[in-house]
Each structure stands twice: as C-alpha cells, then as structure tokens.
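Engineer: Return a 3D structure for these sequence lines:
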Amino acid sequence: MIGRSAFDVEIWMDPNQRIEFIKRLLAEGSVRDLEVSFRTRNGQVRTALTSAELIEINGEPCALSVVADITEAKKSEEARQVSESRFSQFFSTLPAYCYMTSATGEIVDVNPAACEALGYNKEALLGKPLSDVYAPESALKLVSLLEKWKTTNKLYNQEMLVLTKEGKQRTVLVNAGAVKDAQGNVIYIASIQEDITEHKEILQKLRESEERFRLVANAAPVMIWMAGSDTLRTDFNQPWLKFTGRSIHAELGNGWTENVHREDLSLCLQTYANAFDRRKPFEMTYRLRRHDGEYRWILDLGVPRFQQDSSFAGYIGSCIDVTDHKLAEESLADMSRKLIEAQEQERTWIARELHDDINQRIALVLVNLERLQGDSPFAPATTQRMMEIREQLSSLASDVQALSHHLHSSKLEYLGLATAAASFCKELSEERMVEIEFNSEGVPKQLPREIALCLFRVLQESLQNAVKHSGAKHFEVRIKGTPNELELTVRDSGVGFDPDEAIRGRGLGLTSMKERLKLVQGRLSVESSLSQGATICATVPLSSGARAAGA
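Structural biologist: Numbers count the residues shown, from 1 in each chain. A predicted model of the protein is given here:
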C-alpha cells in the first residue's frame, strides 16, 4: 500500500465519492463520519464510516483518515428496523386486543382492535393502568394471577372480563409475557386478549339446545340414537336404554349390535354402512333383543346430519317396535293368501263346470237340433230359424270355452308359464281385434306353482285393462328370466293414466296385482302419464316360491 493512492488499489467503490471527500477535506479541514462503500482485496463490498483531518508532517499538508467498518452493525440495524416494522404492522392489524405496558403496568401502546372494541381512542388509554380495562368481577382473579406472574412472568389463556366504555362486559382469553434486558430487568409487558364473547354465547346456546334436545328425546315415545361420521354410535335416549335394559356405555360404539338377532345382523350392518357411504337416509327392519330376552321387530329410520359448513357429521335415527304391526301384516297376508287360494279354487271349479258340464250340454243341444232337422221336414222359415239358433249356440259354446280358459288355464298347469302366456295373448288378440307382440326369454319350464300363477294373473289383469281402457291397438308383452328372478312387462302407447289416482280409486286391478305379488315377495312398478302410454312391470324372485309355500 505504501507509496500508492487509493485510486491505484481501487478501494473506493465510487471514484466520484472519493473526489468529493477530498474536496470537502481541503475546503473544511476535516470530515466526520461520512458513510462510504469500499472493496476488499478479494472483491467483497463493505460499508464504513470515514473521518479525516488535514495535518502537517514536516511542513507538508497530509490527510489523517480513520475508517470504521460498520457493515455488520448496519445489517443488524437494518434487520432491527425491518423487524420493528413487521412487528408494528402485525401489532396494528392483529384482530385480538394488544397492549404494551411498562414494568409497572401502565399502557404505553395499544392496537386499533382494542380501541375499536372497547370504544376508546388510543390517547385515552395511554398511561392508564391495564387493570382499569378489566371488570370488577375479574379484580380478585387478577390479584391471584399477579402472584403467579411474579414467578413465571407469563400468562396462558386466562379467562377474564373486560369493560367497554359503555360499561358492557366482554369475555377475553388473556395471554401475556415479559420482555427483559440483558440484566434480567423487565422492559415492557406484552398482553394479548382474544375476545371469545360470541364464541361463549354460541357454546351456551348449543348447550341449551342440546339440553332441550335431550329432554325431548328422552320424553319421545320412540327410541332415538345418534352416530358420528365414523358410523360409531355416540348417544341413545332413555326409551332405547329402557327397551334393551343396558347401560349407555354398553351400547356406545358398536355395542348396540350385540342385541341384534344374529340372522339379521349382516343385512342390518350392510344397510347401515351403505347409507353412510352414500350420505343418504335409510330404512330397515331387524330383530332386537328386549330386556326380558324376547326379540322384537324394530323399524329403524336413519337420516344424515350435516354441520353449518355442509360437512358430514353423522346420523340420527329413530326406532319403533313394529312387532305387533308385523304380526298383523302377516295375519293379513295369510288371510289374503287364503282368499286368493279360495278364489283360485273357485275359478278352477267354475272353469271345469263350464268346460265339462255346461259346454257339453250346449254341444248335446246342437246335436239334437241337427237330428231334429234331419228327422223331420220343416218349412223353409223354420229351417232358417233353427240354423240361426245353432250358430248362436255354437258361438255360446266358444264363449263358454274361452271363459273357462280365462278362469283356469290348463296350459299353465301342463305346459308352463311361457306357453300359457303366449296362448292367452293370441286368444285375446283375436277376440279384441288388436295386435299383441309377445316375447319370452329365459323362462324356466318348471316354476313353483305360486310364481307361475301369480305372473299369469298379473298378465291377464294388466293386459285386459290395457286393451279395454288405453285406446291403443298395439301392445307389447315380455317375460324375461334371470338366474334370480322373473320379470313381466306389459306396455302400451295409449292414453295413459295417473297411477296414484288409479290406486286410490274404486278399481281393484292394481291393488289385486300388488296383493298377489306380495305373497311371492314380488314387486310391482307402474310408469304412466296422460297421453304417454303405460308400462306395468312385475318382478318376482325365484327363491320366493319356496318361502311362500312354507308360509
């Protein structure tokens, strides 16, 4: 460095800054604390405070310069300023109530949220003790908290009451901590008060709502349960516990399943789980053991629950004992079965009487008329009249035979459902002068008598009604079989009807079909609307025949 200038070694980042420095030094005789940037030998840029003074050495003017490297100090200062700026911004925008107090408790700063909530301007609060914002009810608690404060210098989530300028109370959670210097002396205290007034009011209303719900649930004449989003039961009302004779702790979670009849448990849990997966209401019946050990039939209705944000919260369900109702239904079904069986027996008897007796008598009268015509000559007018009588009797015999087939189909008994149905469609088509398109697929030749007769009667009833009332000339009939069930469909494109009105009306067609299908665990669906035709579909499980026979 000796013998070289600062320009030669390129210490100064800005040569013009060096020139200005020299000019000031020559003009003023000294320069104090001028901030400059310089470069080290390895190229690093540093910041320094430079001071210089003109002196004489051996009669020659010289410059004595002192350079203090302040790079790290400047970085620390900048960081401190950034930190303070960020803290100030955070302090000003925080929604909680923030106070900065001295070591003796006087407010030295307060954020806008606290001023706005309490109704004070900032100047009105500065210099006051922080204890002034607390309600009298919290004064005693504050004394005990200060004792804890002496040992920990911290407060966590302490519930306190504060007063607004208008005298209204607000509930807050207080958190506070002390900031100390290097010697351990308290510089200031930071307090944050989180207003939980509305939250507490909501919780109070929720508790009151739950208490009212529990009172209603326990007084309800039905058994009520609740479940969380994980399917586990979380609550049961008193009627449920009284019915089962178990404690609520025994029923919670999956404990309630211990009382479900083992034959119903699998289907019960499957229905339950499927409803949870789809978040849909469900309805199921199962046997539940009563406190006396007797299993009773329960109708269980469950509906999903949702939070205000639409998130799924679980289910609530109500149950009623339907054992007596179910027994009554079974008795009614048994009575219906007996009536239908009696009706079929009567049909069979009438059909045989018509076919074997009445029809034979008509045939005998026709034979006698023919003999009479051959044995004795009659006047032409009489002969003509006798021929007309023969034609009328012949037509009557055909009608009696057709009526006999409608009442009891021997083809159904000996040739099976598909053949009997096809024959019936052909006969009705010729009788009513309409087109009936018949198709069958996968229909077993050997069917339980109850299933075959049920579907044949439904076909007769639905197709005859369609031909009579729809106004259409073309009809479709289809019987389709699968390994598990048979499906009969009768469709027309006529005037249509209101299914609900038809069921409520005086006609017995749909009602009769439904009752017949019930006996074989079948179901009936009707789709129709005015001017849009109608489709009647009857479905019967193939396993129902054995159950119906057993019943």
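Engineer: make it CA atoms for all contacts and neighbour counts henceforth
Structural biologist: OK.
Engineer: For residue 13, give me phi and psi.
Structural biologist: Phi and psi for residue 13, reported as degrees, to the nearest 10, are phi -70, psi -40.
Engineer: Now do it: how many residues are near it, please.
Structural biologist: Using other Cα atoms under 10 Å, residue 13 has 16 neighbouring residues.
Engineer: Distance check, it against residue 35.
Structural biologist: Residue 13 is 12 Å from residue 35, where distance means Cα to Cα, to the nearest Å.
Engineer: now do residue 24
Structural biologist: Residue 24 sits 14 Å away from residue 35, going by Cα to Cα.
Engineer: what comes into contact with stretch 303-310?
Structural biologist: Contact partners of stretch 303-310, identified using Cα atoms under 8 Å, 6 or more residues apart in numbering, comprise 276, 279-282, 312-317.
Engineer: which one of these sits closest to residue 178?
Structural biologist: Using Cα to Cα, residue 313 comes nearest to residue 178 of these, at 42.7 Å.
Engineer: looking at this, that closest one is in a strand?
Structural biologist: Yes - under DSSP: H, G, I helix; E, B strand; the rest coil, residue 313 falls within a strand.
Engineer: wait, isn't it in contact with residue 231?
Structural biologist: No - the pair residue 313 / residue 231 is not scored as a contact, 10.0 Å apart, by Cα atoms under 8 Å.
Engineer: same for the helix or strand hosting residue 456, what does it pack against?
Structural biologist: Here residue 456, judged by DSSP states H and E, is contained in helix 449-469. Helix 449-469 sits against helix 417-432, strand 485-492, helix 509-518, strand 534-541, helix 544-550, with contacts defined as 3 or more Cα pairs under 8 Å, 6 or more residues apart in numbering; DSSP states H and E.
Engineer: Apply 7 Å and report the result again.
Structural biologist: On a contact count with 3 or more Cα pairs under 7 Å, 6 or more residues apart in numbering; DSSP states H and E, helix 449-469 meets helix 417-432, helix 509-518.
Engineer: Out of the ones you listed, the one nearest residue 266 is which?
Structural biologist: Set against residue 266 and scored by Cα to Cα, the helices and strands packed on helix 449-469 come closest in helix 509-518, at 24.0 Å.
Engineer: Check the offset of the host helix or strand of residue 385 from the chain's centre.
Structural biologist: If you go by DSSP H and E, residue 385 is part of helix 380-407. Offset of helix 380-407 from its chain centre (Cα atoms, centre = their mean, to the nearest Å): 68 Å.
Engineer: And the next helix or strand after the helix holding residue 456, what's buried?
Structural biologist: Toward the C-terminal end, the helix or strand that comes next after helix 449-469 (DSSP H and E) is strand 474-481. Going by neighbour count (16 or more other Cα atoms under 10 Å), the buried part of strand 474-481 is 475-481.
Engineer: any chance of those residues in CSV, with distance to residue 136 and pLDDT too?
Structural biologist: CSV is the format used below for the buried residues of strand 474-481 (distance: Cα to Cα, whole Å; pLDDT from 0 to 100):
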residue, distance to residue 136, pLDDT
475, 89, 94
476, 88, 94
477, 87, 94
478, 86, 95
479, 86, 93
480, 84, 93
481, 84, 91
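Engineer: ok, of those residues, which one's closest to residue 247?
Structural biologist: In terms of Cα to Cα, no member of the buried residues of strand 474-481 lies closer to residue 247 than residue 481, at 50.5 Å.
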